Every structure is written in structure tokens, then in C-alpha cells.
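Visitor: Only the shape, not the letters, is given here:
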């Protein structure tokens, strides 16, 4: 009984933090960079992602042991933390590049997980992932292209600045 309550609490924590991460991450990606709103939403995204990935490490329903998604959670944490913390000490010459790459990658990992979960939990789509249908790989490939495009866009946009535009006129 108590293990079931703990298991459901972990699952709901994971679901809610993943959902919050999806919305917050999209918001952060598409608002003006460098302003107060970007920083506040970025902190919330970081916390939601940290909770999401830490709770993922505690979910054992599929095989009763650690498996591939647990490793992805560790990789996501390993990308998320430096991408967030580097913004506090902007002494490193390429801090902005590191921030952009890490944070966009962390969101890609989240979206990739959402793609997998969709194929696993939507009854009509489940046979596609179990049967190894190419549509699953195509979905991931499209997501990869989109996120590679986002990384490229932000790196080009901010390549000469070395910092985000922080004037009150540009910041939201």
C-alpha cells in the first residue's frame, strides 16, 4: 500500500514536472532573451526539468530496474546544470554558446522523451514503437532537425554579442 502511494506520487511528480517543463521551455525559447522574464522563466524551467529528471531516475515500472531512459535522464541533468549555472559567472569567454547549446539540448531531450511517451501511451500509436516502425525514427529525426536549427539560429543571432541584449527597450 505505502509503496503504491510512493510510486504514484513519483509518477505524478514526473508527469506534472514534465508538462511544466514542456510549456516553460517553449515559452523561454520564444521570448526575448536576456530580460527579467527570460531569467525568471528560465529558472522555473531549470527547476521543473531538474525535478522531472530526478523523478525519472526513481521510476522502475517498465522493467523493474534501470534502463535506457534512466541514462537519458542522467545525460539531461549533465547538460542542464552547466547550461544553467554558467549564466551566473559569465567570465568564461564562450559562456553564451555553452548556455544556448545546453539549454536547447535539454529541451530537445524533453521533447524526444515526449515523442517516445506519446508512442508508448497512445493506444493507436503503441504498435508502431513496439514493432520498430520507421515513423518513430522519422519523428525523432524531424525533432532533431528542428532543434539543430534552433541551436544554429541562436548561435548566429548572438555570435557577436557575447551576451544577451539587455537594454530595457529589448527585454520583456
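Guide: Arrived safely. Being a predicted model, the structure only gives us computed values, none of them experimental.
Visitor: Can you list the low-confidence ranges for the protein?
Guide: Scanning the chain for pLDDT under 70 picks out the ranges 61-66, 160-172.
Visitor: Look at the residue nearest the centre of it and give its secondary structure.
Guide: Per C-alpha atoms, centre = their mean, the C-alpha nearest to the average position across the chain is that of residue 107, at 2.7 Å. Assigned with DSSP: H, G, I helix; E, B strand; the rest coil, residue 107 falls in the helix class.
Visitor: That one contacts residue 29, doesn't it?
Guide: Yes - with contact defined as C-beta atoms under 8 Å, residue 107 counts as touching residue 29 (6.7 Å). C-betas here are computed from N, CA, C, even on glycine.
Visitor: follow-up on the earlier one: could I get the contacting residues of the residue nearest to the centre of the chain?
Guide: 25, 26, 29, 147 (C-beta atoms under 8 Å, 6 or more residues apart in numbering).
Visitor: got a list of what the second one touches?
Guide: Right, the one you point to is residue 26. Here residue 26 is in contact with residue 107 (C-beta under 8 Å, 6+ apart).
Visitor: let's see 7 Å
Guide: For residue 26, the contact set (C-beta atoms under 7 Å, 6 or more residues apart in numbering) is empty.
Visitor: again with the third one
Guide: For residue 29, the contacting residues are 107, 150, taking C-beta under 7 Å, 6+ apart as the criterion.
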